[in-house]
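1. sequence unknown, structure follows:
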């Protein structure tokens, strides 16, 4: 059914098929259903050089991307995410058509609360939908939530393994250069802890296609003060490596 609106982005069609569907691009399915999506290229390089992952295949296209497999945990695949919902969540839709039904996402984002330290893990509860992609998959709403059963499994694993974390919403935006003071203030009041560019879209694809999805975002640069602070967040190699390895284990239990 198609719902009309004054604004195109708020129109919604719940049809399961479109003129072009992910299955049109699938030539061969994976032999496993588990995948970790990371945004840490230096971690990928380290895992390749150490022989901990091996290349599984190249997904072709105008922006081709590689899939890797963990050697000691061969039922888990790993890939590098692409920035923004259309790229990252669009690829996720295609990966699901290739047999992926359990996904853990790990990345970093800008903190909206100065009390969130660099490296602090946020277990994502959901995302404020300040982008356009998710509205093509799930009917309009202000917030989209991760399946609470998946979230609780993640939290239990972290608790059982003494991993420190916080829970909360992210703010997903398409426009990194339009994170204005008033917008930031509004998102903080709505409960957002971190701003990023992929979660609303990825959660929407998981809901629409009905598969398991969880996400860990670590605190990076700081947008909570008068001036933006980079905080050297991209150089935290140990934190980023540990987060990928943590997600490798989490994807087994979600």
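-> Good, I have the coordinates. Just so it is clear, the structure is predicted and the values come from calculations on it, not from any experiment.
2. pLDDT weak spots in the stretch 101-250 of the chain?
-> The model of the stretch 101-250 of the chain has pLDDT under 70 over residues 220-237.
3. Show me the strands in it, by range?
-> Defined through DSSP state E, counting those that start in this stretch, the strands belonging to the stretch 101-250 of the chain, from first to last, are 102-111, 121-130, 143-145, 166-173, 192-196, 212-222.
4. can I get the ones you listed in a markdown table with mean neighbour count and distance to residue 31?
-> Every C-beta, even on glycine, is put in place using the N, C-alpha and C of the backbone. Compiled in a markdown table, the strands of the stretch 101-250 of the chain are given as follows (neighbours: other CB atoms under 10 Å; distance: least, CB to CB, whole Å):
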| stretch | mean neighbour count | distance to residue 31 |
| --- | --- | --- |
| strand 102-111 | 26 | 14 |
| strand 121-130 | 22 | 28 |
| strand 143-145 | 19 | 31 |
| strand 166-173 | 22 | 32 |
| strand 192-196 | 26 | 31 |
| strand 212-222 | 24 | 18 |
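5. Same list, these, but as JSON lines with distance to residue 38 please.
-> What follows is the strands of the stretch 101-250 of the chain, written out as JSON lines (distance: least, CB to CB, whole Å):
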{"stretch": "strand 102-111", "distance to residue 38": "5"}
{"stretch": "strand 121-130", "distance to residue 38": "14"}
{"stretch": "strand 143-145", "distance to residue 38": "22"}
{"stretch": "strand 166-173", "distance to residue 38": "16"}
{"stretch": "strand 192-196", "distance to residue 38": "13"}
{"stretch": "strand 212-222", "distance to residue 38": "10"}
